Structures are given as structure tokens and as C-alpha cells.
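[1] Predicted structure and sequence below. I'll ask about it afterward.
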Amino acid sequence: QFVVVDVDHLWPVPPRLTLPQAAALPVDGGLAMHAVAVALALGPGDTALVFGASGGIGHMALQFARQRGARVLAVASGADGVALAERLGADMAIDGRRHALAPALRIFAPDGLDAALLTAQTPDAGVIVDALRPGGRIAWPRGVPAPPERDDIAASTLGAGVGARQVHAACRAAARGPFHLHVDA
């Protein structure tokens, strides 16, 4: 009936979140926060693409990026995914299954993207890499194939062991709001 747990493995349930919603923060929320704050180092005015913006990591990364002042192009799946991304504050959202990415990138960031997060496999990875400005950043979680390499951009792989610090930061960002954690099933 008792257990001893390292305090770094405990997180508060942010206000307004249910337990099932809060249960997504230690992995997906931590990865999303690490991607936005560390790997992509997004800040005010940055242009970012979140590929897989209606998924677990993607929809949180979109919100964390917006909280940090970045402009976000969300690539989601289906009309319901696009609607979710728009509700969560995407500056532009497209259905990656139905719309070509290259024209959307030219409209959203005619001078190039500052950063991109790929949370799912895409045949457009080369298009995304080509759209990054020199000095741009790209990140993806383990399990997603690496995009093509380019010498003048920073590339990072994310793992589930990003650490308690990023999970705590995700909890604080969720509590600070506005924030919606979508649990589909």
C-alpha cells in the first residue's frame, strides 16, 4: 500500500486537465516541449512547420510553439485534424493527405522556415528540408525516419528519455494556458 518514488518522476496534474489527459504529458508532452524549447529553440516570430499536428506529440508542440510566439504551419490528417489544428491556434493548417505541401510552404514562409518538427513519416521530408532557411532546425522522434541531410541546418532526433525537466515545463505550459490536450481514444 506504500511506495517510494523519486520526486523527479512525479508531476502535478495541471488544472483543467483530467487524469487521462494528464497521463499523456510524461511522454508526448515531454517530447513536444523538448522539440519546441530545446531542439528547435522556437521563439517570437519564428516560422515553424509541425507535421503530424493532429497527433499526440504534434498537437501539443503546436500549442507550445504558439505560446513561445512562433508562427505555425500545421500539417494534419483529415478535415477533423485540420479543424483541431485551427482550434489550437495554427496560423495555417492543411490536410497532408489531400493538399500539396510545397505550395503551402511558399505561401506560409516565402523566405523559408526557421524550423520543422516531423512527428510522422512523410514522402515530403525532402520538400520540408529544402524549405528550411540556412541555419534552420529540424527534429523528429525516434521511430520516424530521418529526413534528408543538409549541411547548413541543425538536425535532432528526440527520445522518450528527454527528462523530467521537459515534462515539468510541459505541465507548467499546460497550466499557464490556453492549452487543450486532445485524447481521441
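    Everything's here; your move.

[2] Could you pull out the buried residues of the top strand by length along the chain?
    Ranked by residue count, the top strand of the chain under DSSP state E comes out as strand 132-141. With burial defined by 16 or more other CB atoms under 10 Å, the residues of strand 132-141 counted as buried are L132, G136, R137, I138, A139, W140, P141. For the C-beta atoms, the positions are set from N, CA and C on the backbone; glycine is no exception.

[3] Out of these, flag the one nearest to A155.
    Each of the buried residues of strand 132-141 was scored against A155 by CB to CB, and I138 proved nearest at 5.2 Å.

[4] Please name the nearest non-neighbouring residue to the closest one.
    A116 (4.7 Å; CB to CB, 6 or more residues apart in numbering).

[5] Enumerate the beta-bridge partners assigned to that neighbour.
    L49, I138 (DSSP bridges).

[6] Can you name the residues that contact the residue sitting nearest the centre point of the chain?
    Nearest to the geometric centre of the chain sits A61, at 2.7 Å (CA atoms, centre = their mean). Applying CB atoms under 8 Å, 6 or more residues apart in numbering, one finds that A61 lies in contact with A32, A35, V36, V50, A53, L117, T119.

[7] Show the subsequent helix or strand relative to the longest strand of the chain.
    Using DSSP states H and E, the next helix or strand after strand 132-141 towards the C-terminus is strand 154-158.

[8] Residues touching whichever helix or strand comes after that next one, excluding its own?
    Going down the chain from strand 154-158, the next helix or strand is helix 164-176, by DSSP H and E. Helix 164-176 is contacted by residues 8-9, 11-12, 14-17, 25-26, 29-34, 37-38, 60, 63-64, 67, 179, 181 when judged by CB under 8 Å, 6+ apart.
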